[in-house]
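K.L.:
build me a model from this:
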Amino acid sequence: MRNPFLACAAVVLTAAALAACGSSADGNDPEAAGAQRPAASGPAAPGPSATTATEPATPPTEEPAGPGTSAPAATAEGPKTPADEITPATGTFTKKQKEYLKDRVPKGMDPAAVLQTGEETCAKLRYLVKADRDTAVGAIVTGEIPDAKDAVAGLCTQHQDLVDEASYGYPDGKHSGKKLRPGVYRSASPTADCSWQIEGAGGKELSSGASDTGKSRKITIPDSAVTFTSTGCYAWLPEGAAG
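P.N.:
As a prediction, this is how the structure comes out:
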């Protein structure tokens, strides 16, 4: 289920990313150089919860830029432009930008468009972190920001903690086997129809619950858990560094 925050974040992308590409062509993009640009902001956060409830974050007051169309996917299949041939139409790329673009630019595609895709991802994360950090991590967990890992590693390393935490989270769905890790988890921006169930060997129910409040809830996945199923909770994030 798409999180409302992502829809709001999308309107930031074109203006922010296009501006970034314009400045980066001259090698002066602060994000690419490792510095964080001012975060965009937007509307209030959604969210239900289970054991320990927390109120949604207060929305920032300034409005994001108008909607637009995202750049082409940076992970397109096919032959890639050799690194020594990656140059912008005008100006130059910084060293960090060149490293990010290596093996990412399909032949015949403007490398600035590929760079824009990564910068849009960083812009989404900046926006979401300012509005509600759990939603930002949840967006990575659910795959709504699919290229976050690469964009963060190459263009906005200040958000690496979000990617690290997301690697231990669970999106809605059924999880079992090696993907299931014992620990305490909290729901990130759940809907008013959030429900979950934890089963042990032989399908025995160990715990289950539901929330219609839109507030974050906490659950514990025990060592004896075999299956964890979540619906309408968006994502579950670990309590603690490794869940």
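
K.L.:
after the helix or strand of the chain with the lowest mean pLDDT, next one along is what?
P.N.:
Sorting the helices and strands of the chain by mean pLDDT, DSSP states H and E puts helix 4-24 at the bottom, at a mean of 49. Using DSSP states H and E, the next helix or strand after helix 4-24 towards the C-terminus is helix 95-101.

K.L.:
which parts of that following helix are buried?
P.N.:
96-98, 100-101 (16 or more other Cβ atoms under 10 Å). Where C-beta positions appear, they are placed from N, C-alpha and C, glycine not excepted.

K.L.:
export the residues you listed to CSV and tack on pLDDT and distance to Glu120?
P.N.:
Below are the buried residues of helix 95-101 laid out as CSV (pLDDT from 0 to 100; distance: Cβ to Cβ, whole Å):
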residue, pLDDT, distance to Glu120
Lys96, 92, 17
Gln97, 93, 14
Lys98, 92, 19
Tyr100, 94, 13
Leu101, 94, 15
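
K.L.:
quick one: which of those is nearest Gly202?
P.N.:
Tyr100 (48.9 Å; Cβ to Cβ).

K.L.:
from what I see, Lys149 and Val163 are in contact.
P.N.:
Yes. If you go by Cβ atoms under 8 Å, Lys149 and Val163 touch, sitting 5.3 Å apart.

K.L.:
which neighbours do the two share?
P.N.:
Common neighbours of Lys149 and Val163, counting by Cβ atoms under 8 Å, 6 or more residues apart in numbering, are Ile140.

K.L.:
just after whatever helix or strand Leu162 lives in, pick out the following helix or strand.
P.N.:
Per DSSP H and E: Leu162 is located in helix 160-166. Counting by DSSP H and E, the element after helix 160-166 in chain order, helix or strand, is strand 170-176.

K.L.:
who are the packing partners of that following strand?
P.N.:
Judged by 3 or more Cβ pairs under 8 Å, 6 or more residues apart in numbering; DSSP states H and E, the packing partners of strand 170-176 are helix 133-142, strand 227-238.

K.L.:
turn those into TSV, including distance to Thr90.
P.N.:
Converted to TSV, these look like this (distance: least, Cβ to Cβ, whole Å):
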stretch	distance to Thr90
helix 133-142	33
strand 227-238	41
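
K.L.:
how many residues are close by Asp147?
P.N.:
18 (other Cβ atoms under 10 Å).

K.L.:
poorly predicted segments of the chain, please.
P.N.:
1-77, 241-243 (pLDDT under 70).

K.L.:
list the buried residues in the helix holding Leu162.
P.N.:
Using 16+ other Cβ under 10 Å as the test for burial, helix 160-166 gives 162-163, 165-166.

K.L.:
please apply the same query to stretch 174-194.
P.N.:
175, 181, 183, 185-191, 194.

K.L.:
secondary structure and distance to Ala131 for those residues - can I get that in a markdown table?
P.N.:
Shown next, in a markdown table, are the buried residues of stretch 174-194 (DSSP: H, G, I helix; E, B strand; the rest coil; distance: Cβ to Cβ, whole Å):
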| residue | secondary structure | distance to Ala131 |
| --- | --- | --- |
| His175 | strand | 27 |
| Arg181 | coil | 28 |
| Gly183 | strand | 26 |
| Tyr185 | strand | 21 |
| Arg186 | strand | 17 |
| Ser187 | strand | 17 |
| Ala188 | strand | 12 |
| Ser189 | coil | 10 |
| Pro190 | coil | 16 |
| Thr191 | coil | 17 |
| Cys194 | strand | 20 |
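
K.L.:
that concludes my questions; thank you for your assistance.
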